[in-house]
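Asker: here's a sequence, model it:
(one chain, ligands or ions: 1)
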Amino acid sequence: MRKFTREELSKYDGKTLKEIYVAYKGNVYDMTGSDTWMDGEHYDHEGGLDLTQQMDDAPHADEVFEEYKIIGELAD
Ligand code: HEM
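Answerer: Presented below is the predicted three-dimensional model:
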């Protein structure tokens, strides 16, 4: 499994690189194909970050990740 530092992850924000990766509870997910993450923006949130703490602000729970593959892990 690929390990991402927070610095590496930050490039996958849909702008610096076209891919949009999001970390949640130590796992990294690829959100590039999602309509709700276009250009790396998802409501008040941005890709390339660890959004574990921000899930409390969401109107949904974490089953939204179920259909997305884990592509890596946070290194720290
Ligand atoms: C203000 C905060 C947020 C709002 C208003 C919001 C809203 C939504 C809505 C409307 C959807 C699509 C319908 C659904 O599945 O319920 C969705 C999907 C999703 N959300 Fe959020 N969300 C927020 C925060 C977050 C955060 C912090 C994360 C990550 C930790 C996140 C991850 C996801 C994922 C992975 C999906 C599935 C995308 C897809 O199906 O293509 N959301 N969100």
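
Asker: so who does residue 34 touch?
Answerer: For residue 34, the contact set (CB atoms under 8 Å, 6 or more residues apart in numbering) comprises 20, 68. Heads up, the C-betas are built off the backbone N, CA and C, glycines and all.

Asker: ah, wrong one, I meant residue 51
Answerer: Contact analysis of residue 51 by CB under 8 Å, 6+ apart lists 22, 23, 24, 45.

Asker: pull out the buried members of those.
Answerer: Buried by 16 or more other CB atoms under 10 Å: 22, 23, 24, out of these.

Asker: in the sheet, who's paired with the first one?
Answerer: Right, residue 22. residue 29 (DSSP bridges).

Asker: is it true that it touches residue 31?
Answerer: Yes - taking CB atoms under 8 Å as the definition, residue 22 is a contact partner of residue 31 at 5.4 Å.

Asker: anything in contact with each of these two?
Answerer: Common contacts of residue 22 and residue 31 (CB under 8 Å, 6+ apart): 37, 47.

Asker: list the contacts of residue 17.
Answerer: For residue 17, counting by CB under 8 Å, 6+ apart, the contacting residues are residue 11.
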